[in-house]
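**Q** Got a sequence here, can you model it:
(2 chains)
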Amino acid sequence: MNIQRRDTLKAGGGLGMLGLLVAAGLIRPELAEAAWNKGAFDAKSLDAAMAAMGAGKPAESADVQIAAPDIAENGAVVPVGVVSNLPKTEQISIMIEKNPNMLAATFDIPEGTIADVQTRVKMGQTSDIYAVVKADGKFYMSKKEVKVTLGGCGG
Amino acid sequence: MSMNRREFLQVLAVAAAGGMTLHSDIASAEKAADKLYDVPKFGNVSLLHMTDCHAQLLPIYFREPNVNLGVGDMLGKAPHVVGETFLKTFGIKPGGAEAHAFTYLNFVEAARHYGKVGGFAHLSTLVKKMKASRPGALLLDGGDTWQGSGTALWTNAQDMVDACKLLGVDVMTLHWESTYGAERVKEIEEKDFAGKIDIVAQNVRTTDFEDPVFKPYVIKNINGVPVAIVGQAFPYTPIANPRWMTPNWSFGIQEQGMQEAVNAARAEGAQVVVVLSHNGMDVDLKLASRVTGIDAIFGGHTHDGMPAPTVVSNPGGRTLVTNAGSNGKFLGVMDFDVRGGKVVDFRYKLLPVFANMLAADKEMAAFIDKVRAPFIEKLSEKLAVTEGMLYRRGNFNGSWDQLLVDALIAEKGAEIAFSPGFRWGTSLLPGDTITMEHLLDQTAITYPWTTVTEMSGEMIKTVLEDVADNLFNPDPYYQQGGDMVRVGGLQYSCDPNAGMGKRIDNMMLAGKRIEPGKTYKVAGWAPVSEAAKDAGPAVWDVVANYLRGQKVISQRPLNLPTLKGMGGNPGVAV
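**A** Numbering: from 1, shown residues only, chains lettered A, B, ... in the order given. Now for the predicted structure:
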């Protein structure tokens, strides 16, 4: 079952995905740093993070879809995916409302790229997850609740 | 009216003296059986469904709940009806064999009259009868098959694996099976089940690359009709049970994956698509309203014995949702009339398995004897006699759980005890001897360790709130399908309609309010964290010790929360 893929990635060692991409020359490190929005990643409230991103109060859009579990299997690694069907999507951000620093990730989507991203986030408690999408200069969002429970007692 | 066994035998003796011979009793049982099990064949595609037998190879008693609350949109709807309302909802005549099978009403009296239910030898006879009248019929097993008895635990599920092969199971999905560990499940799939039983689960994928762990579905040809069976394992296995037992498997509801599996099966030519599900009924009902192209969902997990399917409309048409109870008590029989490449009509019946009305299948009975033989001495140990009825099922407590928490408090010197809200576990009648086997029916799991924890009042509230939300969240996708954690020592009130964190109130211990900052000694069992592995002796050893000391178990009142806002809810009867 996909042993080869697993082994190939294992062979990549401790570099991690970003490291691999950098090593492969797919992205230049200085580019990644230039795009780092420190104010947004340091923000302690949803409004402050939105403001730092220049998002204001984005409208909810059904074209922004979040794929995340209803109940997290492991709060330390919650898989979250966002798909934007909005034309000219430039950026996708993922925010965890109850996290101390709520902005978990920002993806810049180069022109001609399918706006479909996935990552893992850490969550200490039940929270809404926000996906904020910048498309054609405007901001849109959607949200989904992910429960983090103590576990046990089922069935 | 309630009779103990002696009184019942006296009544029988009087009846016999009055000319009603034992022979006529048997004759009337046979007549009743013929009526109950004479299910005319319909259509051209039949599927038999069993679920949640919890490794009960022998006939048992199983009392259905008198508390099964529905909140939000589920209020008063199947499966959240009990007792008289249940009978009215499904048009079942009070007082008969079916009323006894489906409800708790007059349980003790009726159980003495109709005898035990389930047992693989009797189930096997029924399966053979249904397969004989329905050529090509498949037997589907919804899971929770390998766990729930001493022999299943001690044979590492082998007794149930072999019993299912003998019973003729064709396709199964999973929940408690996973608590034997990922390697053991795959070993059984690849060796024991190879070419015989398919394990299907579209919602189990690897945690790293989301590769499928099992076949999402299989397509079987039944009388020339391609029928797809899509699997849905219990979505919250790594949360409700120890994640460390299946560390590389991810579950979840995976609605989109379900739609893709259904579409793929249709594209492959399936004319009938059914889901073999361990979601629990509320989750199945929501899923059926949102995913299109499913003809029926055969459900389990919540142990709801539903005499008729719920018909759910969705943008693609309609989907039937069934639930087939637990502990080997029922067999679901679905007949589809498939014409012009689609299901045009159906008949469904959930048959109670009355051991006295179905002869034991000889081959299965011999297998069961053989597999139990090495353990008989241990299983038969007499621990105590119970004066009251012992049962588990119910949203908040059962008399078996009351006994477990009483034992934990006594044996551990704790102030408070918690016992998980499991829905499996058999029932005993007043006067029955509690054997080690009965105790294992309530406790046989692969992580049985007892724990003693110093817990703050605030933490105790957090635990109760957390479990209450898993049971009463108005969105079924956020429910886990167990019952409320059973609590000993501590009294509380519960408002199921309130929001997360606001349902539990008035927590009292020995007449004093629980203080958030104070610590309390809390005993429990079945810890899910890996760190709690081997925390303390197995729960059956602790409780057995208590029972041996007590000898006679008096009927004890249940510690139940004060319910708020549930007046008139047809999911509760007292």
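**Q** Could you use CA atoms for every contact and neighbour count after this?
**A** Fine.
**Q** can you pull out the strands in the stretch 301-450 of chain B?
**A** Taking DSSP state E, counting those that start in this stretch as the criterion, the stretch 301-450 of chain B carries its strands at B:310-314, B:317-323, B:330-339, B:342-352, B:382-386, B:416-419, B:433-435, B:450-456.
**Q** and the fifth one, how far out from the chain's middle?
**A** Averaged C-alpha coordinates place strand B:382-386 at 25 Å from its chain's average position (CA atoms, centre = their mean, to the nearest Å).
**Q** name the element residue 49 belongs to?
**A** I'll assume chain A. According to DSSP states H and E, residue A:49 maps onto helix A:46-53.
**Q** nope, chain B please
**A** Per DSSP H and E: strand B:45-50 holds residue B:49.
**Q** so what secondary structure elements neighbour that strand?
**A** strand B:138-141, strand B:330-339 (3 or more CA pairs under 8 Å, 6 or more residues apart in numbering or on different chains; DSSP states H and E).
**Q** Now mean neighbour count, distance to residue A:104 and mean pLDDT too, for those strands, in CSV please.
**A** Converted to CSV, the helices and strands packed on strand B:45-50 look like this (neighbours: other CA atoms under 10 Å in any protein chain shown; distance: least, CA to CA, whole Å; pLDDT from 0 to 100):
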stretch, mean neighbour count, distance to residue A:104, mean pLDDT
strand B:138-141, 24, 42, 98
strand B:330-339, 22, 48, 98
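**Q** Out of those strands, the one nearest chain A is which?
**A** When the helices and strands packed on strand B:45-50 are compared by CA to the nearest CA, strand B:138-141 sits nearest chain A, at 16.5 Å.
**Q** Direction included, what does the closest one pair against?
**A** In the sheet, strand B:138-141 lines up against strand B:45-50 (parallel), strand B:171-172 (parallel) (DSSP bridges).
**Q** Report the backbone C-alpha coordinates of the longest one in CSV.
**A** Read that as strand B:45-50. Taking Å, rounded to 0.1, in the frame of the first residue of the first chain, the C-alpha atoms of strand B:45-50 are listed here in CSV:
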residue,chain,number,x,y,z
VAL,B,45,-32.9,-9.1,-3.7
SER,B,46,-32.7,-10.0,0.0
LEU,B,47,-30.3,-8.8,2.7
LEU,B,48,-30.1,-10.1,6.2
HIS,B,49,-28.7,-7.8,8.8
MET,B,50,-27.3,-8.5,12.3
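**Q** what about it, average pLDDT?
**A** Average pLDDT, strand B:45-50: 98.
**Q** which outside residues touch that strand?
**A** B:127, B:134, B:136-142, B:222-223, B:225, B:298, B:324, B:328, B:330-338 (CA atoms under 8 Å, 6 or more residues apart in numbering or on different chains).
**Q** after that strand comes which helix or strand?
**A** Beyond strand B:45-50 toward the C-terminal end (DSSP H and E), the next one is helix B:83-90.
**Q** and after that following helix, which helix or strand comes next?
**A** helix B:97-102.
**Q** elements contacting that next one?
**A** Checking 3+ CA pairs under 8 Å, 6+ apart, helix B:97-102 ends up next to helix B:107-114.
**Q** just checking, what packs against the following helix or strand past the helix it packs on?
**A** Once the chain leaves helix B:107-114, the next helix or strand it forms, by DSSP H and E, is helix B:120-133. Judged by 3+ CA pairs under 8 Å, 6+ apart, helix B:120-133 is in contact with helix B:158-167, helix B:362-372.
**Q** Mind listing residues that contact helix B:120-133?
**A** Under CA under 8 Å, 6+ apart, the answer for helix B:120-133 is B:41, B:48, B:56-59, B:137-138, B:163, B:167, B:328, B:331, B:353-355, B:358-365.
**Q** Please apply the same query to stretch B:443-461.
**A** Here stretch B:443-461 has contacts from B:147-150, B:153, B:179-180, B:412, B:414, B:425, B:504, B:514-528, B:532-540, using CA under 8 Å, 6+ apart.
**Q** nearest residue to residue B:530 other than its sequence neighbours?
**A** Sequence neighbours aside, residue B:244 is the residue nearest to residue B:530 in space, at 6.3 Å (criterion: CA to CA, 6 or more residues apart in numbering or on different chains).
**Q** what's the spacing between that neighbour and chain A?
**A** Separation of residue B:244 from chain A (CA to the nearest CA, to the nearest Å): 11 Å.
**Q** Three-state assignment for that residue, please.
**A** Under the three-state scheme (DSSP: H, G, I helix; E, B strand; the rest coil), residue B:244 adopts helix.
**Q** Could you do residue B:284 as well?
**A** helix.
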